[in-house]
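coords please:
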Amino acid sequence: ATNDLQGVCMFSIVHLCSWSRLRQEDFPPRIVEHPSDLIVSKGEPATLNCKAEGRPAPTVEWYKDGERVETDRDNPRSHRMLLPSGSLFFLRIVHGRRSKPDDGSYVCVARNYLGQAVSHNASLEVAILRDDFRQNPVDVMVAVGEPAVLECQPPRGHPEPTISWRKDGANLDDRDERITIRSGKLMITNTRKSDAGKYICVGTNMVGERESEVAELTVLERPTFVKRPSSVVVLAEETVQFHCVVQGDPVPTVRWRKDDSDLPKGRFEILEDHTLTVRQVTSQDEGSYTCVVENMVGKSEASATLTVHSQYNPDPHMKWGPTLPLSLSYLHCNSIHQYSM
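This next block holds a predicted model:
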């Protein structure tokens, strides 16, 4: 009996020592991977990572805003799944008034019999992008060379939407040094005719994009002369034309003035191409003629002078004697010829 008792004692001591050695190898949980902040679109899947170590292996639970999170281990119909690693997986992000939203502040808690470890806080935010622009761009009208500014404020959203612009359906190339996009404003310096078109402001975040109403940029052109009137010298009774060819947007009006006054009525003819015609000119027609062109963005003028010489009429009473030297007669006729030229 004594020997049996000694054997039991020896077995108990060895077993106790072995159990104590195993228990000494256990350690409390520690978090080796903390969850990170997330911004997720409504209805999209998401994962909050958490990984813990410990011996024995710790159990992991999640808390949102201080309340324990229900997962598929509590309710098989839950859209939240607790993964073997300890991470929390959302089949879809729920956000709205009808159901308890998923956005909030999360922590994971790892436990074993030696204690517990709590992760850092991680926020889960639901991305949104409203439909209505806070400010839609409006039509703008400028002249060539002037700056143009189109303003836009995108819909409210989280994250804050970025802004880009499209012209005539194509993305605007903001690498052009004349183009600057800042705080929703599209600024174009030294505008050109090619800048005219239909512009749309686009607000974008991870939810998607929204397009503003269409705004039209109209680039007008001041009147410029393609062909200016030229000064002329003519003989009386001849016909004179002064040409004036212009361009501009909108199409400029064209009118003529003589010596800073309106043309006398009935004396002059203006053709469809704005050419001024003066028939059977006299010395009274001499003077300065000015082509005045004008549209809503500018006005220009170009002038030319008309000089009229009288025709040479020989005196009908002049007598030509037979004794007039031939050389003198030749020179006299030649001088008349040169004057007529």
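
Mind jotting down where the strands sit in the stretch 1-150 of the chain?
With strands called from DSSP state E, counting those that start in this stretch, the stretch 1-150 of the chain shows them at 27-33, 38-41, 46-48, 51-55, 59-64, 67-68, 80-82, 88-90, 104-112, 115-118, 122-129, 140-143, 148-150.

Can you pull out the residues in contact with the fourth one?
With CB atoms under 8 Å, 6 or more residues apart in numbering as the test, strand 51-55 has contacts from 25-33, 58, 60, 85-87, 108, 110, 112, 114, 117. All C-beta spots, glycine's among them, are computed from the backbone N, C-alpha and C.

change it to 7 Å
Contact partners of strand 51-55, identified using CB atoms under 7 Å, 6 or more residues apart in numbering, comprise 25-33, 58, 60, 85-86, 110, 112, 117.

Pairing partners for it, with directions?
Pairing partners of strand 51-55, with direction, according to DSSP bridges: strand 27-33 (antiparallel).

now the chain, which segments are flagged as low pLDDT?
Where the chain drops to pLDDT under 70, the residues are 1-23, 97-99, 312-341.

got the domain boundaries for it?
27-128, 140-220, 228-309 (automatic domain parsing).

Using TSV, lay out those domains together with mean neighbour count and distance to Arg134.
Converted to TSV, the domains of the chain look like this (neighbours: other CB atoms under 10 Å; distance: least, CB to CB, whole Å):
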stretch	mean neighbour count	distance to Arg134
domain 27-128	16	14
domain 140-220	16	4
domain 228-309	15	32
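
now the helices for this protein?
Ranges of helices within the chain are 2-25, 326-340, based on DSSP state H.

Please verify my assumption that Asp131 contacts Gly208.
No. Asp131 lies out of contact with Gly208 (CB atoms under 7 Å); the separation is 10.6 Å.

which residues touch Arg228?
The contact partners of Arg228, by CB under 7 Å, 6+ apart, come to Ala302.

cool, and Pro35?
Residues near Pro35 by CB under 7 Å, 6+ apart: Leu48, Asn49, Cys50, Tyr106, Cys108, Ser119, Ala122.

returning to what we had before: closest one to Glu216 among the strands of the stretch 1-150 of the chain?
The closest of these to Glu216 is strand 140-143. By CB to CB, the value is 7.8 Å.

what residues does the closest one touch?
Taking CB under 7 Å, 6+ apart as the rule, strand 140-143 contacts Ala148, Leu150, Thr191, Ala215, Leu217, Thr218, Val219, Leu220, Arg222, Val297.

Please repeat the previous calculation with a cut-off of 10 Å.
Residues outside strand 140-143 that contact it (CB atoms under 10 Å, 6 or more residues apart in numbering): 148-151, 186, 188, 191, 195-196, 199, 215-222, 248-249, 295-298.

What segments of the stretch 201-341 of the chain are strands?
Applying DSSP E, counting those that start in this stretch to the stretch 201-341 of the chain gives strands spanning 208-211, 215-227, 232-235, 240-242, 245-249, 253-258, 261-262, 269-270, 276-278, 287-295, 298-309.

could you dump those strands to a markdown table with distance to Asn136?
Shown next, in a markdown table, are these (distance: least, CB to CB, whole Å):
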| stretch | distance to Asn136 |
| --- | --- |
| strand 208-211 | 10 |
| strand 215-227 | 7 |
| strand 232-235 | 57 |
| strand 240-242 | 50 |
| strand 245-249 | 26 |
| strand 253-258 | 35 |
| strand 261-262 | 47 |
| strand 269-270 | 46 |
| strand 276-278 | 49 |
| strand 287-295 | 29 |
| strand 298-309 | 30 |
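
could you measure the residue nearest to the spatial centre of the chain against Gln153, distance?
Nearest to the geometric centre of the chain sits Trp165, at 3.2 Å (CA atoms, centre = their mean). With distances taken as CB to CB, to the nearest Å, Trp165 is found 13 Å from Gln153.
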